[in-house]
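In: The sequence and its predicted three-dimensional model are supplied below.
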Amino acid sequence: MAKNKTTQTEVGVYDFINSYVDNEQKKIDSLEFIELMSEWSGFEPKMWGPTIIGFGSYHYKYASGHEGDAPILGFSPRKAQFSLYVYSKTDKSDALLKDFGKFKMGKACIYIKKLVDIDISILEQLCKESIAYLNEHHECGACRK
C-alpha cells in the first residue's frame, strides 16, 4: 500500500507563508484564510505536506482498503491560485456554489484567484457544511482537539 504524501508536518505555517508566498496580496489573503478557518473549525493551522495549511483532522477509509488522515478544512496558496479544501459533495454545498463568486471546481477542491472574488459568508457556510458532513461520515478530529 502506498504511503500518503499529505500528512501533518512540523513546519511552521507562518514560516511557510513568508518563504513560499511571493505575492503580497496572496500573503494577506492567506492570513485572512487562516483567521477565518481557525474561527470556523475551532482548530489552529498546521502544515499538511509541503504546501497545504489544514485545520483539524479526520480519518478516512475507502472500500479499497486505502486509509489515512486529512485536514477537516484547508487551503494552499499555490502560485497560480488558491486551492480550497472546504467542499463536501452535498446538495446544500452544490446550492451554495451558485452564489459563491468566481471559482473553478476541481475533483476535491475549489480554485480561486483572490479572496475578494468570493462571498465570505458563503465560504463560511461551505466550511460548516463540510465539517458537518465529515463528522457524520468519518472518524473526525473535530472531537480531538
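Out: Structure's in. What do you need? Numbers count the residues shown, from 1 in each chain.
In: Under the pLDDT cut-off, which ranges of the protein? List them.
Out: 1-5, 138-145 (pLDDT under 70).
In: Quick one: the strands in it, in order.
Out: Listed in chain order, the strands of the chain (DSSP state E) span residues 45-48, 52-55, 58-61, 67-70, 73-77, 82-85, 104-105, 110-112, 139-140.
In: Give me the contacts around the fifth one.
Out: By Cβ atoms under 8 Å, 6 or more residues apart in numbering, the residues outside strand 73-77 that reach it are 17, 20-21, 26-27, 29-30, 33, 37, 40-41, 43, 48, 51-56, 82-86, 127, 130-131. C-beta: built from backbone N, CA, C; applies to glycine.
In: Using PyMOL, define a selection of the buried residues within these.
Out: Buried members of the contacts of strand 73-77 can be picked out in PyMOL with the line below, counting by 16 or more other Cβ atoms under 10 Å:
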select buried, resi 17+20+21+26+29+30+33+37+40+41+43+48+51+52+53+54+55+56+82+83+84+85+86+127+130+131
